[in-house]
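S.K.: next one to model:
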Amino acid sequence: MKSTVETLSPTRVRLAVEVPFDELKPSLDKAYASIAKQVRVPGFRPGKAPARIIDQRVGRAAVLEEAVQDALPRAYSDAVRTNDLRALGQPEIELTKLEDGDSIAFTAEVDVRPEVTLPQYDGLEVSVDDAVVDEADVDEQVSAMRERFAVLKATDRPVQDGDYVSIDLKATVDGEEVPGGSTTGLSYEVGTASMMEGLDEALLGASAGDTREFTTQLVAGEFGGRTADITVTVRSVKEKELPELDDEFAQTASEFDTLEEFRADVRDRLQRVKVLEQGGQARDKVLTSLLDNTEVPLPGSAVRGEFEWRQHDIGHQLENAGLDLDSYLSSEEKSKEEFDAEVRDNAETAVKTQLILDAIADKEELGVSDAELTERVIAQAQQYGVSPQEFAQQLTQGGNLPALVADVRRSKALATVLERARVTDASGRSVDLEHLRLPRPEESAEAEAAEEQAAEEQAADQPPAATEAGSATSIRPIGS
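M.R.: Numbers count the residues shown, from 1 in each chain. Below is the predicted model:
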């Protein structure tokens, strides 16, 4: 087999491949055997008709066509390996020559990984926020803990912000009741704005037994985007009663005897989280510096694949939330064109990030050990709530194991750059990023548990932060 490569652009090549006819023999034999099973020839058992009879009955051209269809993918793969190409996506193949008994030839256009000229990344200088915990931070966390131990007490006064009410709701559109739009005995915290626009305003000042009416725009379901008439009846009103902030509260809420000891522990925990946040900032800023200072031609197929995956993922998230794309765009006041442009920008950034980190991994000759891969499998299995064995089986069956290996390798590349960076805080002090280095397998469980505990302690009793769908920082490995 002979092959040549023509560079069409920094991210696309055309392969010209010629295959001698004798190399088609396995595919021809396979084609004859396949066709013989599909035709009935008098005097021969099914599948036993010789080649000359198949040629007479079906035609040599049909046999050649099936043989070529079988041989082309293998010949293409051989040509890619021979020419050391790092192909991306599916090729566009065109048969250019088919001479029975002589040879076949074809061309294949395919995207390839571009050559990436990396900037000097040793000693990158980045600045992060000071890891300072002030008393307001401590007060906020202590207040959140007080909220956990609050009790609800019935009250006869009108509804105020922060009260808990039991309500009945009924929604209609043009006099027609909205499916699923009615409920009774619903518990709701006034002032959270967590249900529908206008509900908080309608409830404020109402007393038990009062009925209020208001209009709101529905965001999901059959009537999504339409204006509904809402009737809300207050069944009961309860106010929160917070515990006194004293030593007794500290003993109830923690293992400490005094409030001062409790506050000191909260301060220490917040300090650990601040240090972790410094590491996250440093990582993000190092990555931003690499993106800003590296020119990367983007393969069209990789960007298209990333774009389509992100659109599908966002659609899945919206579906799980009971929304559709139109209602989401309406609530965000975005057009479909603006949404697509945003998703495409994020897809391009993700692909560029992956290509840069791959280039760094190549330069640093980074590999992935079995222990590192196992560690990532265990971590992701925990994230998805399945056993590591089940998750590994899903990866293997879906052909996604190489993508996971590539993802681990990119993480190591970014960690390598981060380890060599010069990081200072806003006050000019050097920041030690030792806590962000990749742990050895025997250290990983302990390190991960410590980080998770610190983060959970800071986030206790706080609502989870929303992640914007289609964020550019979400990286899905492209094919290697």
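S.K.: how is this structure carved up into domains?
M.R.: 2-112, 151-241, 272-459 (automatic domain parsing).
S.K.: low-confidence regions, the stretch 301-450 of the chain specifically.
M.R.: 435-450 (pLDDT under 70).
S.K.: cutoff 90 now
M.R.: Along the stretch 301-450 of the chain, the model assigns pLDDT under 90 to residues 319-333, 383-384, 398-400, 432-450.
S.K.: could you dump the domains of the chain into a markdown table and include distance to E125 and mean neighbour count?
M.R.: Using the backbone N, CA and C atoms, a C-beta is placed for each residue, glycine as well. Output for those, formatted as a markdown table (distance: least, CB to CB, whole Å; neighbours: other CB atoms under 10 Å):
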| stretch | distance to E125 | mean neighbour count |
| --- | --- | --- |
| domain 2-112 | 30 | 16 |
| domain 151-241 | 42 | 15 |
| domain 272-459 | 5 | 16 |
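S.K.: which among the ones you listed is found nearest to E135?
M.R.: domain 272-459 (14.1 Å; CB to CB).
S.K.: D84 belongs to a helix?
M.R.: No: D84 is assigned coil when assessed by DSSP: H, G, I helix; E, B strand; the rest coil, not a helix.
S.K.: which element is Y121 on?
M.R.: Following DSSP states H and E, there is no helix or strand that holds Y121.
S.K.: got it, and G185?
M.R.: strand 183-189.
S.K.: and the average pLDDT for the next helix-or-strand element following that strand is what?
M.R.: Reading on from strand 183-189 to the C-terminus, the next helix or strand found by DSSP H and E is helix 199-203. Mean per-residue pLDDT for helix 199-203: 95.
S.K.: which strand residues bridge the residue nearest to S182 when sequence neighbours are not counted?
M.R.: In this structure, S182 finds its nearest non-sequential neighbour in K170, 4.6 Å apart by CB to CB, 6 or more residues apart in numbering. Taking DSSP bridges as the rule, K170 bridges to T231.
S.K.: does K170 touch G180 like I think?
M.R.: No: K170 is not in contact with G180 according to CB atoms under 8 Å; the separation is 11.4 Å.
S.K.: is it fair to say S127 lies in a strand?
M.R.: Yes: counting by three-state DSSP, S127 is located in a strand.
S.K.: separation between it and G280?
M.R.: Using CB to CB, to the nearest Å, one gets 14 Å for the distance from S127 to G280.
S.K.: try E241
M.R.: 38 Å.
S.K.: redo the domains of the chain as JSON lines? Include distance to Q120.
M.R.: Shown next, in JSON lines, are the domains of the chain (distance: least, CB to CB, whole Å):
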{"stretch": "domain 2-112", "distance to Q120": "22"}
{"stretch": "domain 151-241", "distance to Q120": "49"}
{"stretch": "domain 272-459", "distance to Q120": "9"}
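S.K.: tell me which strands and helices the helix or strand where R409 lies is in contact with?
M.R.: Element membership for R409 (DSSP H and E) is helix 401-420. With contacts taken as 3 or more CB pairs under 8 Å, 6 or more residues apart in numbering; DSSP states H and E, helix 401-420 sits against helix 259-292, helix 336-363, helix 370-384.
S.K.: angle of the second one against helix 259-292?
M.R.: The one in question is helix 336-363. Angle, helix 336-363 to helix 259-292, by axes from the mean of the first three to the mean of the last three CA atoms, to 10 degrees: 90 degrees.
S.K.: how about the helices in the stretch 101-250 of the chain?
M.R.: 135-148, 199-203, 247-253 (DSSP state H, counting those that start in this stretch).
S.K.: got the CA positions of the longest one in CSV?
M.R.: What it means is helix 135-148. Once non-C-alpha atoms are left out, helix 135-148 reads as follows in CSV (Å, rounded to 0.1, in the frame of the first residue of the first chain):
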residue,chain,number,x,y,z
GLU,A,135,-15.2,38.6,61.7
ALA,A,136,-18.0,39.1,59.2
ASP,A,137,-17.2,35.8,57.6
VAL,A,138,-17.3,34.1,61.0
ASP,A,139,-20.6,35.8,61.9
GLU,A,140,-22.1,34.6,58.7
GLN,A,141,-21.2,31.0,59.4
VAL,A,142,-22.3,31.1,63.0
SER,A,143,-25.6,32.7,61.9
ALA,A,144,-26.1,29.8,59.4
MET,A,145,-25.6,27.4,62.3
ARG,A,146,-28.2,29.3,64.4
GLU,A,147,-30.6,28.8,61.5
ARG,A,148,-30.1,25.1,61.7
